[in-house]
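K.L.:
Model the following, please.
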Amino acid sequence: MQPLENITAMMVFARVVETQSFTEAANSLGLSKSFISKEIAQLEIRLGVKLLERTTRRMVVTEVGRAWYQFCARALQEVQEADAFIRDYHQQPAGNLSIIAPVNFGRRCIVPSLNAFVAKHIHVQVDLDLTDRPVDLQQERYDLAVVVGQTPPAANFHQLTQIEWGLFAAPDYPVAQTPVSHPQQLPRHDYLLFRGAAHTLSLPFRQGKQKLNIDVHSRFRINNSEALLSAAIAGAGIAYLPCYITHEAQQQRQLVRLLPDWQMDDYYSYLVVRQSARPRALVAMFCQQLQAALASDNCFSA
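P.N.:
Here you go, the predicted model:
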């Protein structure tokens, strides 16, 4: 017996049980009474059990029929919800969308997509929480979470972009005027780094099969990449930053990238969708738009 053979029959049987009538079931499904009767009879043959006891006066659902109905009812509900999802997707989206994202990545990469989404869909309300704290999507009830890291989330995510990191300095900073040609020349300079426990950091470099880790020293440490960007533009040192942060400053010739032929850290951004009993068309629609927008953005590498 092939499971697909029973799908239509399950829907028919569930409606017969709910209406307690072949005639009412046929009317509600837009089918003939003879089709309903034949479908139930063939179903009982395939299953090898009696689901309904029928006489000329009444119909009784058997014990096994009542138990099997529970599965049929759930299947019917899933089909109805699937149809509703597609209808919602094709209609003008409406409702609330709640998103949490890292501060800088959210401001530079997520907000522009949200601006376009809200402008296009006037019946959508959005709540965006920009924060760098860890988030439990299920506990905090956000629809979507944007996370950035070197390893993917546990489940239910879409990869958005690869985020390339590099070293950047102001054009009038000494190392930019006389560019370094090899990572071994880096330790003699001052660095702008994310604040941590130590004043030194081992920077990773890759070129072909060659891999290096160079220890550099920082006199100026900050816990915010936008502030590091400002310090680098002011000529305070060499900043180690993600390329999307520096993209605009490079275009305006406020920063230059050092050792562009050497690869450094690569991170990834992910869109995590909260698990839900019923997927929402609004969430799926924004996920699709965000993925398309970021795929066409060239600010993640330099």
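
K.L.:
going forward, measure contacts and count neighbours with C-alpha atoms only.
P.N.:
Noted.

K.L.:
Chain neighbours aside, what residue packs nearest to the spatially most central residue of the chain?
P.N.:
In the chain, the centroid-proximal residue (CA atoms, centre = their mean) is residue 271; its distance is 2.4 Å. Using CA to CA, 6 or more residues apart in numbering and skipping residues adjacent in sequence, the residue nearest residue 271 is residue 146, 4.7 Å away.

K.L.:
Surely the one you found is in contact with residue 274?
P.N.:
No. Look at residue 146 against residue 274 with CA atoms under 8 Å: they stay out of range, at 11.2 Å.

K.L.:
Secondary structure element for residue 97, which one?
P.N.:
According to DSSP states H and E, residue 97 maps onto strand 95-101.

K.L.:
Can I get that strand in CSV? Just the C-alpha atoms.
P.N.:
Once non-C-alpha atoms are left out, strand 95-101 reads as follows in CSV (Å, rounded to 0.1, in the frame of the first residue of the first chain):
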residue,chain,number,x,y,z
GLY,A,95,1.2,41.9,10.5
ASN,A,96,4.1,42.3,12.9
LEU,A,97,7.7,41.3,12.2
SER,A,98,10.2,41.2,15.1
ILE,A,99,13.9,41.0,14.4
ILE,A,100,17.0,41.1,16.6
ALA,A,101,20.5,41.9,15.1
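
K.L.:
Could you identify the helix or strand that succeeds it?
P.N.:
helix 103-105.

K.L.:
Centre of the chain to whatever helix or strand comes next after that next one, how far?
P.N.:
Later in the chain than helix 103-105, the nearest helix or strand by DSSP H and E is helix 111-120. Distance of helix 111-120 from its chain centroid, counting by CA atoms, centre = their mean, to the nearest Å, is 16 Å.

K.L.:
for the helix or strand just after helix 111-120, which positions count as buried?
P.N.:
Next helix or strand after helix 111-120 toward the C-terminus (DSSP H and E): strand 124-130. Judged by neighbour count using 16 or more other CA atoms under 10 Å, the buried positions of strand 124-130 are 124, 128, 130.

K.L.:
What of stretch 283-297?
P.N.:
Neighbour counts over stretch 283-297 (16+ other CA under 10 Å) mark 283, 286-287, 290-291, 294 as buried.

K.L.:
Give me the next element, helix or strand, following the least confident helix or strand in the chain by mean pLDDT.
P.N.:
In the chain, no helix or strand scores lower on mean pLDDT, DSSP states H and E than helix 174-177, which sits at a mean of 76. Counting by DSSP H and E, the next helix or strand C-terminal to helix 174-177 is strand 190-194.

K.L.:
Average pLDDT for whichever helix or strand comes after that following strand, rounded please.
P.N.:
Later in the chain than strand 190-194, the nearest helix or strand by DSSP H and E is strand 200-207. The average pLDDT within strand 200-207 is 88.
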